[in-house]
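1. Structure, please.
(one chain, ligands or ions: 1)
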Amino acid sequence: MEDYVVKAYAYDGTVRMYAASTTRLVEDARRIHDLWPTSAAALGRTLTAVAIMGTTYPAGDELTIRFESDGDLGGMIVTTKCDGYVRGTLGNPHVLMQKPDGKLDVGGAVGKGFLHVTKDLKVRDIFTSTSEIVTGEIGDDFAYYFAQSEQIPSVVALGVKVGEDNAVMHAGGIILQAMPGCKEETIATIEARASAMANVTTLLEDRKTPEDLIAVLADENARILERKPLGYRCDCSKETFERGLIALGNEELRSLLEEQGTIETTCHFCQAIWRFTEVDVRRLMKQSKEKGSAS
Ligand SMILES: [Zn+2]
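-> Now for the predicted structure:
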């Protein structure tokens with residue numbers, strides 16, 4: 001099944017609902033970063049939340065979500081250009097932590113710290129809001145962020161199920177947001193349904209689609225507005241890394257060149273290796289010099 005998100009309005013338009021399947025997206029991330037199960041669950045849940053969040057902004061805007069935390073995972077960064085595609089990276093891809101009941105201990109691996117959300121909405125300035133990490137289980141942390149920083153009461157349910165061979169079997173998520181005018185009784189109904197609902201991954205395992213997930217929590221008059229494909233994609237290029245190399249300065253570039261003959265840079269989001277030959281580096285050094293003398 002292709003990954004996609006469905007957007008719907010329910011309860012007389014007072015509740016905005018999003019449901020997504022992200023199995024392939026998270027499996028792509030797992031293969032790129034060689035993620036072990038707890039790392040896969042943490043990054044996969046975050047990728048899912050950010051992919052959904054991105055669809056609430058116009059395509060071209062940029063969101064960067066950063067977990068700055070003290071657990072074994074070593075923090076995470078996920079970015080999107082709000083076009084359905086996400087990419088992410090994390091400090092330690094090889095975390096396997098389990099709770100006594102055998103479930104993956106995502107909260108323990110993430111640890112304590114802060115969730116930073118940076119929005120580049122292009123027409124306005126870039127701004128960052130920060131909220132505390134509540135449990136490190138990711139869903140709770142996003143719900144707390146929406147409530148604290150955006151004043152939107154939200155339910156966030158995210159899930160990643162990893163198989164015996166570490167491959168991602170199911171991944172997906174649901175985000176519900178109460179709009180102004182949402183009645184107390186509607187919120188109570190949703191909370192009751194959400195707590196009675198099976199895990200997202202159990203529902204996906206039962207071959208439920210994102211539309212089915214919406215139906216579990218919505219009233220019968222829910223309207224599906226949009227369906228959008230989701231995926232994992234990095235848009236890095238050699239030029240992206242040229243800027244970073246120029247910023248190192250000519251002295252540093254010269255010594256790297258002397259040591260190695262060529263310079264290799266690796267993208268943290270897709271593990272692509274970009275090679276810069278001596279000719280490339282000399283060209284960058286010339287640009288750097290011009291830039292230096294211009295300022
Ligand atoms: Zn890349």
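
2. Could you chop the chain up by domain?
-> Residue ranges for the domains of the chain, per automatic domain parsing: 4-232, 238-294.

3. And the next helix or strand past the longest strand seen in the chain?
-> Longest strand in the chain by number of residues (criterion: DSSP state E): strand 168-178. Sequence-wise, the next helix or strand downstream of strand 168-178 (DSSP states H and E) is helix 184-196.

4. Show me what the next helix or strand along the chain from that following helix is packed against.
-> Using DSSP H and E, the helix or strand that follows helix 184-196 in sequence is helix 200-205. In terms of contacts (3 or more C-beta pairs under 8 Å, 6 or more residues apart in numbering; DSSP states H and E), helix 200-205 is packed against strand 154-162, strand 168-178, helix 210-217. C-beta here means a position set from N, CA and C on the backbone, and glycine is covered the same way.

5. from the chain's centre, how far out does the second one sit?
-> Mean-position distance between strand 168-178 and its chain equals 12 Å (C-alpha atoms, centre = their mean, to the nearest Å).

6. In the stretch 51-200 of the chain, what residue comes closest to the ion?
-> At 6.9 Å from the ion, Arg87 is the closest residue in the stretch 51-200 of the chain, using C-beta to the ion.

7. how about the helices in the protein?
-> Taking DSSP state H as the criterion, the chain carries its helices at 23-33, 37-54, 106-110, 139-149, 184-196, 200-205, 210-217, 238-248, 250-260, 278-294.

8. Quick check: which of those is buried the most?
-> Stretch with highest mean neighbour count among the helices of the chain: helix 37-54 (a mean of 28; mean count of other C-beta atoms under 10 Å).

9. Run the angle between that helix and strand 154-162 for me.
-> Interaxial angle of helix 37-54 relative to strand 154-162 (axes from the mean of the first three to the mean of the last three C-alpha atoms, to 10 degrees): 140 degrees.

10. hmm, back to that, rank the helices of the chain by pLDDT, which is bottom?
-> Mean pLDDT values for those show the minimum at helix 278-294, a mean of 79.

11. Report the angle between that helix and helix 238-248.
-> Using the same axes, to 10 degrees: helix 278-294 against helix 238-248 is 60 degrees.

12. got the residues of the stretch 151-295 of the chain near the ion?
-> 234, 236, 267, 269-270, 272 (C-beta under 5 Å from the ion).

13. of these, closest to Lys112?
-> Nearest to Lys112 among these: Phe269, at 25.3 Å, using C-beta to C-beta.

14. Thought Thr118 was touching Thr130, still the case?
-> No: with contact defined as C-beta atoms under 8 Å, Thr130 and Thr118 do not form a contacting pair (9.6 Å).

15. partner residues bridging the closest residue to Glu2 other than its chain neighbours?
-> The shortest distance from Glu2 to any residue other than its chain neighbours is 6.3 Å, reached at Pro229 (C-beta to C-beta, 6 or more residues apart in numbering). Beta bridges link Pro229 to Tyr4, judged by DSSP bridges.

16. mind listing what Pro229 touches?
-> Each residue near Pro229 by C-beta atoms under 8 Å, 6 or more residues apart in numbering is listed here: 2-4, 84.

17. Turn the buried ones among the residues you listed into a named ChimeraX selection, would you?
-> Buried subset of the contacts of Pro229, written as a ChimeraX selection, criterion 16 or more other C-beta atoms under 10 Å:
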select :3,4,84
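
18. Closest one of the contacts of Pro229 to the ion?
-> Ranked by distance to the ion (C-beta to the ion), these are led by Gly84 at 17.3 Å.

19. give me every residue that touches the closest one.
-> So, once contact is read as C-beta under 8 Å, 6+ apart, Gly84 ends up touching 5, 51, 54-55, 228-231.

20. Run through the residues that contact the residue nearest the centre of the chain.
-> By C-alpha atoms, centre = their mean, the chain has its centre lying nearest to Leu47, at 2.7 Å. Shown in contact with Leu47 (C-beta under 8 Å, 6+ apart): 22, 25-26, 29, 78, 86, 88, 232.

21. Check Ala218 too.
-> Applying C-beta under 8 Å, 6+ apart to Ala218 gives the contacts 8, 10-11, 15, 17.

22. could you redo the last one with a cut-off of 6 Å?
-> Residues near Ala218 by C-beta atoms under 6 Å, 6 or more residues apart in numbering: Ala10.

23. now Gly111
-> Here Gly111 is in contact with 69-71 (C-beta under 6 Å, 6+ apart).

24. Kindly reformat those residues as TSV and extend each row with neighbour count, distance to the ion and pLDDT.
-> Shown next, in TSV, are these (neighbours: other C-beta atoms under 10 Å; distance: C-beta to the ion, whole Å; pLDDT from 0 to 100):
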residue	neighbour count	distance to the ion	pLDDT
Ser69	22	23	97
Asp70	13	27	97
Gly71	24	25	98
